[in-house]
Each structure stands twice: as structure tokens, then as C-alpha cells.
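J.: only geometry, no sequence info:
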């Protein structure tokens with residue numbers, strides 16, 4: 001993987017766009033970009049493992065006709081990073097027309113847990129797969145959308161955690177354990193153990209687990225080492 005500077009793949013033209021969905025039929029207008037994260041791969045990484053470079057944008061959106069607010073995650077294929085500096089030419093990845101595997105994993109997890117009534121994830125609303133048009137970064141490349149519930153709370157970070165009093169940290173850990181076990185009981189174990197994948201609502205004492213792009217179905221007996229894996233201890 002290699003950096004590609006501070007380029008923003010999702011520019012201002014995305015704001016105020018209205019995206020149409022079929023299942024269920026609905027239209028959502030993008031209102032604000034919250035963050036963007038790119039993952040770029042070299043020729044060797046593409047050839048050896050089939051990794052496609054991508055950027056994921058997180059937006060707030062509003063449903064046309066109801067004013068319901070939600071989160072829209074858009075995953076888009078982008079041009080790959082250059083080869084090593086010693087290379088005399090750039091390798092260009094071909095467009096990947098199929099839906100990204102990480103998108104599929106997240107849809108499956110959110111849809112299943114939403115149907116089961118899970119209380120600690122963003123509820124699934126809708127999704128769709130499309131391909132970039134001729135003026136896109138990678139014409140024909142994947143362009144995946146997921147719309148999900150907008151959660152109330154604070155995204156956890158090391159700085160936020162360390163600013164909490166010891167008893168508040170313990171409250172967060174206990175709420176996380178309840179949520180972790182609820183998801184595990186439904187057959188979903190989150191594999192991206194990162195504080196930023198937790199949203200903490202102190203008013204309701206609810207810890208939400210987000211970004212279900214990497215998960216497994218194997219259940220493990222709970223141990224407090226899980227706190228360490230997630231950076232909560």
C-alpha cells in the first residue's frame with residue numbers, strides 16, 4: 001500500500017447530489033461529507049493479491065419527502081498508487097465492475113442484524129451497486145452505496161478515552177461487552193478491532209459497533225482480553 005498525498009476523491013460535486021435506490025424505493029440527498037479514507041495499492045499488490053484501490057466517503061444524507069436523516073457510505077474504485085519510484089512507468093488497474101467484497105460483507109451484516117432487531121449497530125436502510133460513468137475516476141469501476149441509521153453519540157478515540165474518569169471508562173467497557181456479545185449471539189464477530197469503530201452514547205449508556213466490513217461467524221468465549229484488543233484497556 002502506498003500514500004497518494006491528500007487528494008480528496010469525493011469533491012464538492014457530490015454535495016447536494018440525490019441518489020436513487022430501488023429496494024426499497026427511495027431518494028436520498030447528500031448534505032455533508034464527514035470523512036474520507038483511501039486505500040491505494042501498487043502493481044505488485046494488485047497482481048499478487050487482486051487488491052483494487054478505493055476511497056470510502058462517509059456522508060450525512062436526507063430522504064426526499066420525509067426529511068429523515070441518515071448516513072451514506074460510498075465506496076468507489078480510484079486510480080492505483082504509482083509503482084516504486086525506480087519503476088519507469090505507472091501500472092494502471094483495470095476497472096472492477098462487480099460490487100466490492102467489503103461492501104457485500106457490510107450489507108450482509110447490517111441487514112441480518114437489523115432484521116434480528118440488534119440494538120447496537122446502525123440499522124440498515126438500503127444499498128445499491130453502480131458503475132462509474134465516463135467522467136469518473138475509473139470509468140466502469142465499482143461505485144457502491146449503503147444507507148444506514150445515523151447514530152447519536154461520540155466516536156471513541158484514544159484521546160476521548162483517556163479524558164474519561166476511571167469509572168466512566170469502566171461504564172464504556174461494560175456497555176461494549178454487552179454490545180459485543182449481542183452481535184456475537186447473532187453470529188457476527190467484528191474483526192476490525194479499532195476504537196474508531198465504536199460510538200458511545202453516554203446518555204443512554206449504549207456502545208454501538210460500526211463499520212462491519214470485516215467480520216467472522218465464529219463465536220469465542222468472552223475474556224477481558226477483548227478490551228485490550230479494542231484498545232479499551
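T.: Happy to help now that I have it. Not measured: the values here are computed from a predicted model.
J.: which residues does residue 223 contact?
T.: With contact set as C-beta atoms under 8 Å, 6 or more residues apart in numbering, residue 223 has no partners. Any C-beta I mention is one placed from the backbone N, CA and C, and that applies to glycine too.
J.: let's see 10 Å
T.: residue 229 (C-beta atoms under 10 Å, 6 or more residues apart in numbering).
J.: do the same with the one 5 residues further on
T.: Listed by C-beta under 10 Å, 6+ apart, the contact set of residue 228 reads residue 193.
J.: in which helix or strand would I find it?
T.: Per DSSP states H and E: residue 228 is located in helix 225-229.
J.: list the buried ones in that helix?
T.: 226, 227 (16 or more other C-beta atoms under 10 Å).
J.: who does the longest helix along the chain touch, helix- and strand-wise?
T.: Using DSSP state H to define each element, the chain has its longest helix at helix 166-185. On a contact count with 3 or more C-beta pairs under 10 Å, 6 or more residues apart in numbering; DSSP states H and E, helix 166-185 meets helix 101-115, helix 158-163, strand 189-190, strand 198-201, strand 206-209, helix 225-229.
J.: will you turn those into CSV that also has mean pLDDT and distance to residue 127?
T.: Converted to CSV, those look like this (pLDDT from 0 to 100; distance: least, C-beta to C-beta, whole Å):
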stretch, mean pLDDT, distance to residue 127
helix 101-115, 97, 5
helix 158-163, 96, 30
strand 189-190, 96, 19
strand 198-201, 98, 20
strand 206-209, 99, 19
helix 225-229, 96, 29
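J.: Redo these as TSV? Include distance to residue 130.
T.: Listed next are the helices and strands packed on helix 166-185 as TSV, based on distance: least, C-beta to C-beta, whole Å:
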stretch	distance to residue 130
helix 101-115	11
helix 158-163	36
strand 189-190	27
strand 198-201	28
strand 206-209	28
helix 225-229	36
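J.: Compare those and report which one is nearest to residue 219.
T.: strand 189-190 (6.8 Å; C-beta to C-beta).
J.: Can you give the strand pairings for that closest one, parallel or anti for each?
T.: Counting by DSSP bridges, the strands paired with strand 189-190 are strand 215-216 (antiparallel).
J.: starting at the chain centroid, how far to the helix holding residue 228?
T.: 22 Å (C-alpha atoms, centre = their mean, to the nearest Å).
J.: What is the least confident helix or strand in the chain?
T.: Sorting the helices and strands of the chain by mean pLDDT, DSSP states H and E puts helix 43-49 at the bottom, at a mean of 81.
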